[in-house]
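Peer 1: this one's sequence-less:
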């Protein structure tokens, strides 16, 4: 199963992705947690060895490196790949036109079900994918190229990738949000696009939900105190936004706000909740 | 801060997504305008209500006078349209039409790595050259990394270099762009590329490069001019960041990158660092003491306060590193999300107060 985790920047999608991976590994599934891009976030988070033991592996996939791997797989000759990549022109093309990198990445992510390339040693892949805007580019690369290139290997590959991404039995997409207007608006917009363009129903994850021991009515009694007023505003806002997320009819999972800044500590606590099928 | 805004012609608000860059840019705009500086805020994708407040609900609506704030204008940039306009301004209609019809252009240019950043800078450049404003505040597109913004024009420029274009195609009038020129080793590589992608893709690619070869002079000129503009002493960067250890680390990297590039970082805003209530001295009323709910509330309050006290330690470490060279401002998490003009005025006021009280 492929799990793609996205969401607006700053909503904690990396934390959610890691918690999901951790909980899958804890259940005995061989899990691969993948981060995309130039810099590793998780290396800073998991200081020592990975917490969930030998079931959890962490990898960072860079578009350019993956593209190179793929070329080698196709061309079989290292010298040819080297010629290709050491060429100034190709470098510029790969750098500027992200579709190639995105195509290589989605290709690798979906390589298991497509039986292409080396087998990935895992049952579950959890991808800490890009934030909303860039995430669209990730699936639109194979979708767009599948349409633009009717014949030839690139078109074929793209169509096969799209088939895996569209299949709910193979790919699951999580849209992470926090109870604030912009992240929810962006998240819901994205999940609409996912449904329209990929035919998939995304799972909405409402992260940083404030579990308050008092309800709005109880807090109302202390009106006038800055802290109580802050809580009242926050609770009103989060319930409104939760309602608008629920009104989509998409599955919604809620994760609590933790009083912690340490990422590893947060992931540890959240993975337990995710393992119980989310609260 | 007012002094800083007066001294500059351009302020670029940079930072990763989700830290509140747009509301900061708008608030700085309000602060400048209130102090008699004729200001334009250029933004990419504002939240709906913020856009409403600024009077820029639609993309490509041009510069709009912000209702209720004299001296302040705002504009929402539509990157795709700007890129198309840039093409139209650079080449004749036939070439432009050919490019617009190319399927790769349609698929790629909207997503071209760095095209949002590039079009933002092109827009900034054209308005700066018009001299219609005392100050332009640019809200940069959200990047995964603050540094990406700086590198974007370079990446676009690389694609338009002679060698790249010449490799795929020669401009019409010389040999015709369908006829590929062969450098040494090129046929091998093209062969490999063709094997991987297929001949249809190669044909589209050649057509694409054939068309964009006409753009290269304009791109080179604009790249040079935007680079000069960014390095101008009247252009300052303000880094907006959130509170989170990773984000603070990234802020340090960004500062280093700016220094390496010889660009001027004028301030750092750590946004939403602590809730407003944690700095006010609101009083608990004695009659509440009897209420059992009050006990719960107080326990919850202590938990919250303890959390923010722990944050202070991490912040001190950060401020110790970055604060030596550049002013660092921390702003509260306001009770209401910053959306309306009143919110912006409030943030503007807070920025100015905090800035003044910096050592």
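Peer 2: Ah, there it is. As the structure is a prediction and not an experimental result, all values here were calculated from the model.
Peer 1: measure residue A:151 to chain B for me?
Peer 2: 5 Å (CB to the nearest CB, to the nearest Å). (Each C-beta comes from the backbone N, C-alpha and C, glycine too.)
Peer 1: low-confidence stretches in the stretch 51-200 of chain B?
Peer 2: For the stretch 51-200 of chain B, the stretches with pLDDT under 70 are B:59-60, B:107-114, B:143-148, B:159, B:161-193, B:196-197.
Peer 1: could you do chain A as well?
Peer 2: A:47-53, A:88-89, A:92-93, A:95-98, A:278-279.
Peer 1: for it, which segments count as helices?
Peer 2: A:13-26, A:42-45, A:63-75, A:78-85, A:88-96, A:98-109, A:111-114, A:132-148, A:152-166, A:181-198, A:216-220, A:226-246, A:263-275 (DSSP state H).
Peer 1: just want the angle from whichever helix or strand residue B:157 is part of to helix A:98-109.
Peer 2: Using DSSP states H and E, residue B:157 maps to helix B:148-159. On the basis of axes from the mean of the first three to the mean of the last three CA atoms, to 10 degrees, helix B:148-159 is oriented at 110 degrees to helix A:98-109.
Peer 1: distance to residue B:286 and mean neighbour count added to the helices of chain A, as CSV?
Peer 2: As requested, the helices of chain A are exported to CSV (distance: least, CB to CB, whole Å; neighbours: other CB atoms under 10 Å in any protein chain shown):
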stretch, distance to residue B:286, mean neighbour count
helix A:13-26, 42, 26
helix A:42-45, 46, 16
helix A:63-75, 63, 19
helix A:78-85, 74, 16
helix A:88-96, 66, 19
helix A:98-109, 61, 25
helix A:111-114, 65, 18
helix A:132-148, 49, 22
helix A:152-166, 62, 20
helix A:181-198, 37, 19
helix A:216-220, 19, 16
helix A:226-246, 15, 18
helix A:263-275, 37, 19
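Peer 1: looking at these, which is closest to residue B:250?
Peer 2: Nearest of those to residue B:250, taken as CB to CB: helix A:42-45 at 10.5 Å.
Peer 1: what about residue A:180, how many residues close to it?
Peer 2: 19 (other CB atoms under 10 Å in any protein chain shown).
Peer 1: an error on my part: the question was meant for residue A:37.
Peer 2: 17.
Peer 1: can you pull the phi and psi angles for it?
Peer 2: Note on residue A:37: backbone dihedrals following degrees, to the nearest 10 are phi 110, psi -170.
Peer 1: same question, residue A:130
Peer 2: Given degrees, to the nearest 10, the pair of backbone angles that residue A:130 has is phi -70, psi 170.
Peer 1: cool, residue A:214 as well?
Peer 2: phi -110, psi 150.
Peer 1: go on, residue A:210?
Peer 2: Here is the backbone geometry of residue A:210 (degrees, to the nearest 10): phi -80, psi 110.
Peer 1: now it: closest residue in space, sequence neighbours ignored.
Peer 2: Of all residues beyond its chain neighbours, the one nearest residue A:210 is residue A:257 (4.9 Å), with distances taken as CB to CB, 6 or more residues apart in numbering or on different chains.
Peer 1: how's chain B carved up into domains?
Peer 2: B:2-100+B:110-147+B:217-356, B:162-216 (automatic domain parsing).
Peer 1: can you tell me the number of residues neighbouring residue B:310?
Peer 2: Residues near residue B:310, counting by other CB under 10 Å, number 14.
Peer 1: and it, what is it in contact with?
Peer 2: With contact taken as CB atoms under 8 Å, 6 or more residues apart in numbering or on different chains, residue B:310 is in contact with residue A:261.
Peer 1: just give the closest residue to residue B:249, not the sequence neighbours.
Peer 2: Residue nearest to residue B:249 in three dimensions, not counting chain neighbours: residue A:44, with 7.5 Å by CB to CB, 6+ apart.
Peer 1: got it, and residue B:230?
Peer 2: Residue B:230 sits nearest to residue B:263 (CB to CB, 6+ apart), 6.1 Å away.
Peer 1: for the one you found, list the residues it contacts.
Peer 2: Residue B:263 touches B:150, B:230-231, B:235, B:237, counting by CB under 8 Å, 6+ apart.
Peer 1: for these, which one is nearest residue A:60?
Peer 2: residue B:150 (22.6 Å).
Peer 1: hang on, residue B:50 packs against residue B:21?
Peer 2: No: counting by CB atoms under 8 Å, residue B:50 does not reach residue B:21; the two are 11.4 Å apart.
Peer 1: which one of those two has more residues nearby?
Peer 2: residue B:21 (28 against 23).
Peer 1: sorry, back to before: pLDDT value on the residue nearest to residue B:230, please?
Peer 2: What the model reports as pLDDT for residue B:263 is 88.
Peer 1: for chain A, see how far away it is.
Peer 2: From residue B:263 across to chain A, the span is 20 Å (CB to the nearest CB).
Peer 1: likewise for residue B:37?
Peer 2: From residue B:37 to chain A the distance is 28 Å (CB to the nearest CB).
Peer 1: kindly report the same for residue B:154.
Peer 2: To chain A, residue B:154 is 9 Å away according to CB to the nearest CB.
Peer 1: cool, residue B:130 as well?
Peer 2: 29 Å.
Peer 1: quick revisit: the helices of chain A: which one's closest to residue B:5?
Peer 2: Closest to residue B:5 of the helices of chain A is helix A:181-198 (CB to CB; 25.5 Å).
Peer 1: please name every helix or strand in contact with the helix holding residue B:157.
Peer 2: Applying 3 or more CB pairs under 8 Å, 6 or more residues apart in numbering or on different chains; DSSP states H and E, one finds that helix B:148-159 contacts helix A:88-96, helix B:115-130, helix B:216-231.
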